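> Build me a model:
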Amino acid sequence: MNELNRLDLYKQMVRIRQYEARILQEYHADKSPAWDIGAGLIPGEMHLSAGQEPAAVGVCAHLKKGDAITAPHRPHHFALAHGVDMNAMTAEIYGRLTGLSHGKGGHMHLFDPDNHFSCSGIIAQGYPVACGQAMAFKRQGTDHVAIAVAGEGAANQGAFHESLNLAALWNLPVVFVIEDNDWAISVPRSHSTANTSNADRALGYGMPGVRVEDNDVEAVFEAAGAAIARARNGDGPSLLEIHTLRLWGHFEGDAQAYRGADLDTVNDRDPIPRYAATLTELGDLTEDDVATIAAAADAEVDAAIEFATSSPEPTAADALDHVFA
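Residues are numbered from 1 along each chain as shown. Model (predicted):
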């Protein structure tokens, strides 16, 4: 289990937030005055992870080169925390040839074999894939682990239950992570799920289950560290549910009328200023540090946007490259 480094956790959270804020700005820049989801330099849907940084940062702090992550349709925070190159990911989001998949995948289909990272727009799709990765790691005799990430709505999918059962049966080195942001698109979990903690479902499959409350990055760090160490040691899978927060809409353009009073307090629950206040009180962070860390993140993001927007777009002739015939 890695040693807690509070400043590193904070820096990574800020880096992710600054990236998402800039992508938000870039995405909306050329979609007015009339909203057109298919228009602009970044066409299509966009799902941003602002508010959910503690989940990615707390988990990925324990991962090493060779470990695998399968992420859901809201993937940027886990991609960046796991070491996916920001330039190549941004170019992919812009649909450029220098992107992770040469501009063919877009933001919901990021694939980085060098870092064993993938994501999908299909709910719970990554859970069976993570079992396959974990089985490969086990058969190869390595201590690598697979992390499967999905939202709380995915815990009601058949793939979720089938994957937990198989992982427990075969004692696979996989950690199942549920990001509970209270909303499965526009459906509150109270309208879709009978139990109050999906972590309780782990008992039915003979594995540990832990729920982390309050979107607390250090609590995530501790719980994830124990689960990942268990997997590395050959002791099998675990289920970790993180009660997190979606600051923005399910997708960009989502009016969020369904959230009601929940929206009135959402900014007060932002985990980054809360953690900054904690670190300041502990003496680990100063106002100058806050400004320096934000500036460094901004510079990295600026460079990634410049790389993406200056990269060539695919031509019609590129359509059949890098695909299976």
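> so P43, which of the three states?
Using DSSP: H, G, I helix; E, B strand; the rest coil, the three-state assignment for P43 comes out as coil.
> any idea how far the closest residue to it other than its chain neighbours is from R246?
Residue nearest to P43 in three dimensions, not counting chain neighbours: I37, with 7.2 Å by CB to CB, 6 or more residues apart in numbering. C-betas here are computed from N, CA, C, even on glycine. Distance, I37 to R246, using CB to CB, to the nearest Å: 19 Å.
> can you check A124 too?
When distance is defined by CB to CB, A124 is 18 Å away from R246.
> What ranges does the stretch 1-150 of the chain have for its helices?
For the stretch 1-150 of the chain, the helices defined by DSSP state H, counting those that start in this stretch cover 6-28, 53-60, 76-81, 86-93, 126-140.
> Please say which of I37 and R246 ends up with more neighbours.
Applying other CB atoms under 10 Å to I37 and R246 shows that R246 carries more neighbours, namely 23 against 14.
> ok, the more buried one touching W183?
Yes. Here R246 reaches W183: they are 6.2 Å apart, a contact under CB atoms under 8 Å.
> In terms of pLDDT, where does the residue nearest the centre of the chain sit?
The chain has F78 as the residue nearest its centroid, 3.4 Å off, counting by CA atoms, centre = their mean. You'll see F78 listed with a pLDDT of 98.
> residue boundaries of the helices in the stretch 201-325 of the chain?
Counting by DSSP H, counting those that start in this stretch, the helices of the stretch 201-325 of the chain are 217-232, 271-282, 287-309.
> What is the burial count for the residue lying closest to K11 once chain neighbours are set aside?
Leaving aside its chain neighbours, K11 sits nearest to I293 (5.4 Å; criterion: CB to CB, 6+ apart). Neighbours of I293 under the rule other CB under 10 Å: 20.
> Ok, K64 next?
Count around K64 with other CB under 10 Å applied: 12.
> From I16, how far out is it?
If you go by CB to CB, the gap between K64 and I16 works out to 19 Å.
> Quick one: low-confidence residue ranges for the stretch 151-300 of the chain.
Within the stretch 151-300 of the chain, no stretch has pLDDT under 70.
> Would you map the strands across it?
For the stretch 151-300 of the chain, the strands defined by DSSP state E, counting those that start in this stretch occupy 174-180, 183-184, 187-188, 209-212, 238-243.
> will you turn these into JSON lines that also has mean neighbour count and distance to R230?
Shown next, in JSON lines, are those (neighbours: other CB atoms under 10 Å; distance: least, CB to CB, whole Å):
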{"stretch": "strand 174-180", "mean neighbour count": "29", "distance to R230": "8"}
{"stretch": "strand 183-184", "mean neighbour count": "20", "distance to R230": "28"}
{"stretch": "strand 187-188", "mean neighbour count": "14", "distance to R230": "32"}
{"stretch": "strand 209-212", "mean neighbour count": "20", "distance to R230": "11"}
{"stretch": "strand 238-243", "mean neighbour count": "26", "distance to R230": "6"}
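> Thanks a lot, see you next time.
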